[in-house]
Each structure stands twice: as structure tokens, then as C-alpha cells.
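1. sequence first, then the predicted structure:
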Amino acid sequence: MKVLFVCLGNICRSPTAEGVFRALAEREGALRQGWVRGIDSAGTGDWHVGSPPDRRTIAAARQRGYELGALRARQVTAQDFHDFDLLLAMDRQNLAALQQLRPVAGMAEVKLFLEYAECAAVDEVPDPYYGGAEGFEEVLDLCEAASRGLLTSLRGH
């Protein structure tokens, strides 16, 4: 299974999801055992292509033991629908954008990431960009919950 996490600019939510999921997948042996073969993130917009994650994203993740500094933003491409098995949008706006971008022959499944978060009171990961530090903490909480649920789901396949 190859998974692509998607938000708007690929500097806050989706790199957080990528970093959290990668760390949990490594701890659980999913990468070593091969039932997760690829993890990446991208944005539906192109404003930040080539940029690292937002400095607040990096700082909040680092406090929890996730290293995101080497990641660089990129934009979703039509090829992603062929290269990945699962594209996970952070919110409905990006889900709709992915559904519009999907090529006719694109085989990837497209879903909301928080469908995998069992106890989440929300179904979208809120964009923390214009808020304070608590928003980045909330994104981490949601990404951890959904990543655990996603790993459980993938393990069952």
C-alpha cells in the first residue's frame, strides 16, 4: 500500500500526517515488512512548491519526536492517482479538488484522512496556518489518531 496525504499548500497538515504516519509505520514494522510501501504528501495548490513545512509545524512535530525538516512541498499530479493506492485529504475542500483532478484511469482510492480516526469529534483536519500554537497541537493529535486507525486498517488487508 502506498499512501499520499493531501492538504492545500503541503506545509502544515499533510506533511504532519506524512511524518506521523511514517514514524508509526516504522515503529510497527509496516515498512520493513512491506505492507506499507510508500508514504508521501502533497498539496492541491502550488504556492509553496519546494518549501519546507511551516516553521511552527516543524517545531510542534519535533516536540513530539517527529522530524519534518527534510520534507519539501509539492503539488498533486495526475500521476499520483496511478502511483499511490490511497490519497487521503485533510478536508472536504481538498477531497473535492482531488476528485476533480482524478484522471479517468486513476485507480487510487480517495478519502478523508479522519475517516480512520476512531474517536475524533471532527471529520476534517483544521488548517492551523492562521492560528496559534494550539492549532498545530490539534493537527498532531488528529494525525496521530487517524494514523493509528489507518495502520490498523491496512494491517487487516
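-> Cool, the structure landed.
2. where is the longest helix in the chain?
-> helix 133-155 (DSSP state H).
3. for stretch 11-18, which outside residues touch it?
-> With contact meaning CB atoms under 8 Å, 6 or more residues apart in numbering, stretch 11-18 is reached by 5-7, 39-43, 48, 51-54, 56-57, 60-61, 66, 68, 71, 73, 88, 90, 113, 125, 127-129, 136, 139-140, 143, 146-147. From N, CA and C alone the C-beta is placed, and that goes for glycine too.
4. pull out the buried members of those.
-> Applying 16 or more other CB atoms under 10 Å to the contacts of stretch 11-18, the neighbour count classes 5-7, 39-43, 48, 52-54, 56-57, 60-61, 66, 68, 71, 73, 88, 90, 113, 125, 127-129, 136, 139-140, 143, 146-147 as buried.
5. contacting residues around the worst-scoring helix or strand of the chain on mean pLDDT?
-> Lowest by mean pLDDT, DSSP states H and E among the helices and strands of the chain is helix 30-33, with a mean of 91. Applying CB under 8 Å, 6+ apart, the contact partners of helix 30-33 are 22, 25-26, 36-37, 39, 151, 154-155.
6. narrow those to those that are buried.
-> Buried subset of the contacts of helix 30-33 (neighbour count, 16+ other CB under 10 Å): 22, 25, 36, 39, 151, 154.
7. list the contacts of the last one.
-> With contact set as CB under 8 Å, 6+ apart, Leu154 has these partners: 1, 30, 35-36.
8. just the buried members of those?
-> Neighbour-count burial (16+ other CB under 10 Å) is assigned, among the contacts of Leu154, to 1, 30, 36.
9. could you dump those residues to a markdown table with distance to Asp83?
-> Shown next, in a markdown table, are the buried ones among the contacts of Leu154 (distance: CB to CB, whole Å):
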| residue | distance to Asp83 |
| --- | --- |
| Met1 | 12 |
| Ala30 | 18 |
| Val36 | 14 |
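10. out of the residues you listed, which comes closest to Glu109?
-> Met1 (10.0 Å; CB to CB).
11. sketch out the low-pLDDT regions of this protein for me.
-> Residues of the chain that meet the criterion pLDDT under 70 lie in 157.
12. one step back: next structured bit after the least confident helix or strand of the chain?
-> strand 38-43 (DSSP states H and E).
13. elements contacting that next one?
-> strand 2-7, helix 13-28 (3 or more CB pairs under 8 Å, 6 or more residues apart in numbering; DSSP states H and E).
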